[in-house]
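Chemist: how would this look folded up:
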Amino acid sequence: MIYDISVTALIFFFIFVGLVLGLSFYFGRKKSDSSSYYAAGGQIHWAVNGIAFAGDYLSAASFLGICGMIAVAGFDGFLYAIGFLAGWIVALFLIAEPFKRLGKYTFTDALNAKFNSRAITLAASVSTLIISVFYLIPQMVGAGDLVMPLLGLPHWAGVILVGAIVITIVASAGMASTTYVQFLKGGLLIILSLILTVFILKNGLSLSPSTKDHTYHQFTTVNPQLDGTKVTAAPGWQVLAQQETAGKTFVKLQQNGIERWFYLGKEDGKDVLKETLTIVQKVNGEKLYNGESKEKRKFYQVGHLSKIIVNGKELDKTGAVGPFEFLSTIKDSEITRFLQAKLTDGTDQVTLYYPEVTAGAKFMLPGLKYKIGAGASLWSKLDFVSLMLALFLGTAALPHILIRYYTVKTPRDARKSTILAIAAIGGFYVLTLFIGLGAGVNGVMDVESSNMAAPLLAKAFGAVLFSIISAVAFATVLGTVAGLIVASSGAIAHDFIDIYLKKNLSDDRKVKVGKIAAVAVGVFAILLGMAFKGINVSFLVGWAFAIAASANLPAILFLLFWKRTSSTGISASIVVGIVVSLAIILTSPTMWDKYGLGAENAWHQMENPALISFPLAVLTVYVFSILYPKKELKVQQV
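Modeler: Have a look, this model is predicted:
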């Protein structure tokens, strides 16, 4: 899509970025030792830390990814929210207080508190770095998506902009500035999501979801003549070609010299050609949108209700509705979703987005994205279970979340922070259900990026709301990326260089090396953000959760709750968790598609590795602790 630069959006963007950088420079003026840089000196108030927890956790995956996935896949998208929230139960009851007692600066400190093992130091620092990088990818992808409508810049420019700002934040003051950035954007994100939900309910539901600054495109239908299954004529159009792909039939028509693709479907029991959105990539590099150049603006936003049914009666619109009435009306109605198909037309590569009517009851139940019912393949069922396992277990093992426990004074404060975070995050995820559904039926979806569902929905309700929400969403990315880079720099400077390589860095030197590491990780994240453009950010975050659950959680749980756990068992389980989960991810259908080899040709059909990698890591820590028992126990008091 083409996005116009909004002056209002620019103003709010620069206000928020200025505020964020101002906080960074303010804390950067203060003397920063290693404790302050990596853990804010352990002096953050538990209430501030609780909201900062929420701000850190409510990343691009939560606001951009989950809303977009709900808009596209209904309840299946909301499953991510359920999994993300459920993971905090593990953190609250098993991790928060005992983990606070173990550590000092980093995840590696805590894991190695009883052993002083170089193998644990190396394995845990590598694990922290890999998980942080995988979590950074979706944040940078989301940043690029946000900047396109906000500033009118291309995706790559947005990724570079976020990287540059975050590197400045982290290099200025480390965890102190990062905490207050996360506190600010976490609170604002929850408040603004509530405001957006109020707008959605006040606007109600309509078959023609147009607003004062947004007119919904009325998609064309053509009644064709058929000879068997072949389209022979279409009134007003010249029939050029017909192709089938993935069990769907598409027909290329021409009118006034413009070539367009239509989808052959059914409507009221009759064969109908339905207008699609089409991107044609020509061999000479030219790209056509619905048969014309992108500047002609013939590529439209989508997502609407084809039927609205209230109390058994069909309506054109509802007017303002309550939250439960909103959900029940969508459940009783019909939604037109736009699904993707690809085909080759001579030397041209064609990507089609075709309309498919889906019953609201089906949309509001699991099964659109993750096939788990009757007839679903074994791969599909295993992949779904694997995803839920990763989301439930991954939260309590994310390094950038774990280091937040070191920013408060006591284990009791760590527990109170976690309880407040659960309340804030849970409330936010309820709002994402309304925002995602609202985007899916209000004609605002950009088919090239589901990540833009929430900001574009806000744009339909007015430039000011869009500007504020986009700026806060941008700050959301900044805060999360900053936390991840702090965790990464700690793993490199404190864990790997200072402890594993035994460089015995002075306090000032440790901070300086951490800042250099932050710059290096930031640059690497920028490159990855460009490479993964277009993939839903919640999906990408699922990989980071899977690696965290596999590499870190077995080691943490055995360390805390099994006295016979040995350093060899911990380090071996981390290595197995990393290697197995990475092997499954890098050979997954999504990555096979990225390699240009075709998703259908992948060695297996699992996208999420936790179902295999987590049990193997658990088995490894147990077996290796039995085979190589600990020699002595050295308790480090903090």
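Chemist: in the longest helix seen in the chain, what's buried?
Modeler: Criterion DSSP state H: the longest helix present in the chain is helix 118-151. Buried residues in helix 118-151, counted by 16 or more other Cβ atoms under 10 Å: 119-151. Where C-beta positions appear, they are placed from N, C-alpha and C, glycine not excepted.
Chemist: Over to stretch 569-581?
Modeler: Those would be 569-578, 580-581, for stretch 569-581 by 16+ other Cβ under 10 Å.
Chemist: What lies in contact with it?
Modeler: Applying Cβ atoms under 8 Å, 6 or more residues apart in numbering, the contact partners of stretch 569-581 are 111, 115, 117, 119-120, 122-124, 126-127, 130, 546-547, 550-552, 554-555, 558-559, 609-610, 612-614, 616-618, 620-626, 628.
Chemist: Any idea how far that stretch is from the middle of the chain?
Modeler: Mean-position distance between stretch 569-581 and its chain equals 25 Å (Cα atoms, centre = their mean, to the nearest Å).
Chemist: okay but Phe219 is in contact with Glu275, surely?
Modeler: Yes: taking contacts as Cβ atoms under 8 Å, Phe219 lies within contact range of Glu275: 4.4 Å.
Chemist: Next, show the common contact partners of these two.
Modeler: Common neighbours of Phe219 and Glu275, counting by Cβ under 8 Å, 6+ apart, are Pro355.
Chemist: Excluding sequence neighbours, find me the nearest residue to Ile330.
Modeler: In space, and not counting its chain neighbours, Ile330 is closest to Gly360: 4.9 Å by Cβ to Cβ, 6 or more residues apart in numbering.
Chemist: Next up, the contacts around that neighbour.
Modeler: By Cβ under 8 Å, 6+ apart, the contact set of Gly360 is 329-335.
Chemist: try 10 Å
Modeler: The neighbourhood of Gly360, defined by Cβ atoms under 10 Å, 6 or more residues apart in numbering, consists of 74, 305, 307-309, 327-335, 437, 441.
Chemist: between the residues you listed, which is closest to Phe539?
Modeler: Gly74 (15.4 Å; Cβ to Cβ).
Chemist: Not counting its neighbours along the chain, what's nearest Cys266?
Modeler: For the record, residue 266 is Lys, not Cys. Spatially, and ignoring its direct neighbours in sequence, Lys266 is nearest to Val272 (6.7 Å; Cβ to Cβ, 6+ apart).
Chemist: can you pull out the strands in this structure?
Modeler: Secondary structure of the chain by DSSP state E: the strands cover 221-222, 225-227, 230-233, 238-245, 248-255, 258-267, 270-275, 277-281, 287-289, 302-310, 313-315, 334-345, 348-359, 442-445.
Chemist: Tell me, how many residues neighbour Ser306?
Modeler: Look at Ser306: counted by other Cβ atoms under 10 Å, it has 15 neighbours.
Chemist: What pLDDT is listed against Thr278?
Modeler: Per-residue pLDDT puts Thr278 at 93.
Chemist: Now do the contacts for it.
Modeler: Shown in contact with Thr278 (Cβ under 10 Å, 6+ apart): 250, 252, 259-262, 288-291, 298-299, 350-354.
Chemist: cool, and Leu387?
Modeler: Here Leu387 is in contact with 79-80, 83, 370, 539, 542, 545-546, 606-611 (Cβ under 10 Å, 6+ apart).
Chemist: likewise Ala602?
Modeler: By Cβ under 10 Å, 6+ apart, the residues touching Ala602 are 587-593, 595.
Chemist: Narrow these to those in helices?
Modeler: Counting by DSSP H, the contacts of Ala602 contribute 589-593 to helices.
Chemist: wait, which of these is closest to Val513?
Modeler: Met591 (32.8 Å).
Chemist: Report the rounded mean pLDDT for stretch 310-322.
Modeler: The average of the pLDDT scores along stretch 310-322 is 91.
Chemist: which residues touch it?
Modeler: With contacts defined as Cβ under 10 Å, 6+ apart, stretch 310-322 is touched by 200-209, 305, 307-309, 325-330, 332-333.
Chemist: Which of those residues are buried, as a ChimeraX select command?
Modeler: Remark: buried members of the contacts of stretch 310-322, expressed as a ChimeraX selection using 16+ other Cβ under 10 Å:
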select :200,201,203,204,205,206,207,209,305,308,309,326,327,328,329,330,332,333
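Chemist: in the stretch 51-200 of the chain, what spans have low per-residue confidence?
Modeler: Applying pLDDT under 70 to the stretch 51-200 of the chain flags residues 59-61, 96, 103-106, 149-152, 169-178.
Chemist: Quick check: Leu528 touching Phe134?
Modeler: Yes: taking Cβ atoms under 10 Å as the definition, Leu528 is a contact partner of Phe134 at 8.9 Å.
Chemist: tell me, what's touching these two both at once?
Modeler: Leu540.
Chemist: which residues of the stretch 501-638 of the chain fall in helices?
Modeler: Ranges of helices in the stretch 501-638 of the chain, per DSSP state H, counting those that start in this stretch, are 507-531, 537-551, 553-561, 567-586, 589-594, 610-627.
Chemist: Tell me what angle the first one forms with helix 537-551.
Modeler: Orientation of helix 507-531 against helix 537-551 (axes from the mean of the first three to the mean of the last three Cα atoms, to 10 degrees) gives an angle of 130 degrees.
Chemist: Which strands and helices lie in contact with helix 507-531?
Modeler: Under the contact criterion of 3 or more Cβ pairs under 10 Å, 6 or more residues apart in numbering; DSSP states H and E, helix 507-531 touches helix 34-39, helix 118-151, helix 155-173, helix 463-490.
Chemist: Include distance to Ala47 when you put those into a markdown table, please.
Modeler: What follows is the helices and strands packed on helix 507-531, written out as a markdown table (distance: least, Cβ to Cβ, whole Å):
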| stretch | distance to Ala47 |
| --- | --- |
| helix 34-39 | 18 |
| helix 118-151 | 25 |
| helix 155-173 | 21 |
| helix 463-490 | 17 |
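Chemist: For Ala454, see how far away the closest residue to Ile190 other than its chain neighbours is.
Modeler: With Cβ to Cβ, 6+ apart as the criterion, Ile190 has its nearest non-adjacent residue at 5.1 Å, and that residue is Phe428. Using Cβ to Cβ, to the nearest Å, Phe428 is found at 12 Å from Ala454.
Chemist: what does Tyr135 give?
Modeler: 20 Å.
Chemist: now Ile468
Modeler: On the measure of Cβ to Cβ, Ile468 and Ala454 end up 12 Å apart.
Chemist: What of Ala396?
Modeler: Separation of Ala396 from Ala454 (Cβ to Cβ): 27 Å.
Chemist: Which of the two has more residues huddled nearby?
Modeler: More crowded of Ala396 and Ala454, by other Cβ under 10 Å: Ala454, with 30 against 26.
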